[in-house]
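Novice: Dropping a prediction and its sequence here:
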Amino acid sequence: DIAGILVIIPVSYYGGRASQPRIIGTGQFLACVGVLIMGAVPHFATSDRPSVMDDLRAKGTSLTDSAVCNQTENLPEPPHDLRAWVAVFYLGNILVGFGAAPLWANSFDYLDKNLKHESFPLFSAIFTLAGVIGVGVGYLSGGLFLRLPFDDVTKSGEFYTNMTDSEYQIFREDASFIGAWWLGFLIGSAGMLIIAIPLLGFPYEFPESAEIRKQKKLESYGTKKPSEEASKMATDLSYEDFKIGTRYVLTNPICVCLALAGAMQSFYLAVLSSFGPKYLETVFNLTSSSASVTVGTIILPVSIIALLMGGLIPKIFKFSIVQLLCLSSLAATVVFSTSFALFIKCGKADFIKPSDVITYQDISCDVSECQCSPSLYEPSCLDERTNLFSPCYFGCHDYDISNCLCYNSSMNYSLQKGLCDTDQFCESWKFVAVIAAFCVICFAGFFNIPAGEAALDRSCLPEYRSLAFGLDIFILRVLGTIPGPIVAGVVFDSKCILWQRSQSGDSGSCLSYHESVSESFALLILVSSALMMACYCIALYFGYSDQKNGSTVETEIPMSENPTLESNAPK
């Protein structure tokens, strides 16, 4: 994201005056190289180095649960000489950011040049939808690839062929197992290469585009058209023209309000997708995998339906820019109103922190002889109401409670693997209400995207429309997708009450949060959605005022009449 915002404005400006398919295709080649660097280079260059998988294979199939008393095993630390390879991942990510910038900066303007006004929302929705589906397919395929050993994805080696399915399952669940993390990068880079080649062959504009453009009513609200001298300068690639275009876009109140609204929308969607699972874990005591699956199950189908509906409704009813802004304002109001449901709270099971001396129900128990490892987290439920860091911290040799050092025969104890069931701490209607709120918030957010892009498209003059989309994405990332997860991460970290520790004592991920973290999460969604709603309403005010006062600017600039653009266009 950071690499992308460094180039997205000049790329969008140049794209408005050059062959956009060539720019997008070239960017895809660059992104392809970046993905290849992240996946293939580190994997194949270090394939002959020792790994923690070597120790895991040495144990063979005689794997035991290492989170119980007297069976703690030291996890091998990663080789120190490999840690410098993180710089290669940074380099690859930077190239991906540079390469992806033209795709988002120029695609919307290219669609607009070749489509009727009423068709643009649907096709922009399909374009955005492709990105959402791509993320979903990436998560699913990545999860499948991580089930394969990173150094033998076909499992054709003798070690794997002699394993049964159940033995391989135990082998794969060990903390030292490394999946085929690099395989998705390799497939992704190949896909980018295949797509980039035909993109380079796309025409500057399609044969019917000039006729479609003549039939368009180009609406520009909220600002005056640039002077005649500035309009003539718009045919040249120059710094002065860039300044005029930037000033034009940034003094257009509808463009600015839509960009800020999109940023706030991206902010809360990024927080919801990144930390929604953590929120569900904390409030309803779900496992991390269950929470992730729940959020993923909500976001993917809901976003697909929302994007398609958000594109189809403006197309079917042929909405004007004011009607588009009304639709966006209504959806933003729905998000704001629904956000209050996220303040729902549930009770939590008690948690016994790792310690050599455990206190439970006024009984103290010394488990120092178990040599429990604070780096091996295997949550267990004691007596259906208290969570343990691992069975080892209750002196258990297995999941038979009578084999635990802290077991008291006078007490009716029980021990189960996993976190305690949330049913006794929370009414079922609360979970249903929160999941329904997630669905509504997610639906309204994605539903708004096509209408917002269409309104931005209508509010700018064609010679600066590509630049407007570039500035919109710049603001969206700087104020939305980049700070959203960072701010949420800081908030969640500040509420952590138990950190996982490595063998060297370094902090890892947070294992348990204070219950007030749910309120902080809901507040982030509420504030960002309120700002989004305000921005859409202000944009609606300017749009309605201009329509009422008749101060719209109607122009027609057929692309074929621009000599600079015509000379750049492939015949």
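Specialist: Thanks, I have the structure now. Numbering: from 1, shown residues only.

Novice: so where is the chain shaky, pLDDT-wise?
Specialist: The chain contains residues with pLDDT under 70 at 55-56, 59-67, 70-81, 175, 215-236, 289, 410, 422-423, 502-507, 550-571.

Novice: what are the ranges of the strands in it?
Specialist: 218-220, 350-352, 357-360, 363-366, 380-382, 386-388, 415-417, 496-501, 507-513, 553-555 (DSSP state E).

Novice: Flag every buried residue along the third one.
Specialist: Spelled out, that is strand 357-360. The neighbour-count check on strand 357-360 (16 or more other CB atoms under 10 Å) flags 358, 360 as buried. (C-beta placed from N, C-alpha, C; glycine too.)

Novice: Over to the longest one?
Specialist: Judged by neighbour count using 16+ other CB under 10 Å, the buried positions of strand 507-513 are 510-513.

Novice: Pick out the most distant pair among those residues.
Specialist: With distance counted by CB to CB, no two of those lie farther apart than Leu511 and Tyr513, which are 8.7 Å apart.

Novice: Any idea how many residues pack against Met309?
Specialist: The tally of other residues near Met309 (other CB atoms under 10 Å) stands at 15.

Novice: So it is in contact with Ile449, correct?
Specialist: No. The pair Met309 / Ile449 is not scored as a contact, 11.1 Å apart, by CB atoms under 8 Å.

Novice: those helices in the stretch 201-350 of the chain, which residues are they?
Specialist: 209-215, 228-233, 239-250, 253-284, 288-317, 321-338 (DSSP state H, counting those that start in this stretch).

Novice: Can I get those helices in a markdown table including distance to Val135?
Specialist: As requested, the helices of the stretch 201-350 of the chain are exported to a markdown table (distance: least, CB to CB, whole Å):
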| stretch | distance to Val135 |
| --- | --- |
| helix 209-215 | 31 |
| helix 228-233 | 40 |
| helix 239-250 | 29 |
| helix 253-284 | 9 |
| helix 288-317 | 8 |
| helix 321-338 | 21 |
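
Novice: so which of these is the most packed in?
Specialist: helix 253-284 (a mean of 24; mean count of other CB atoms under 10 Å).

Novice: quick one, that helix and strand 507-513 angle?
Specialist: 80 degrees (axes from the mean of the first three to the mean of the last three CA atoms, to 10 degrees).

Novice: Now do helix 253-284: which elements does it pack against?
Specialist: If contacts are counted by 3 or more CB pairs under 8 Å, 6 or more residues apart in numbering; DSSP states H and E, helix 253-284 sits against helix 239-250, helix 288-317, helix 321-338, helix 428-458, helix 465-476, helix 483-494, strand 507-513, helix 517-549.

Novice: closest one to Leu456 among the strands of the chain?
Specialist: Between the strands of the chain, strand 218-220 lies closest to Leu456; by CB to CB that is 11.3 Å.

Novice: and Phe340, what does it touch?
Specialist: 522, 526 (CB atoms under 8 Å, 6 or more residues apart in numbering).

Novice: State the distance from it to Leu526.
Specialist: Going from Phe340 to Leu526 by CB to CB, to the nearest Å gives 7 Å.
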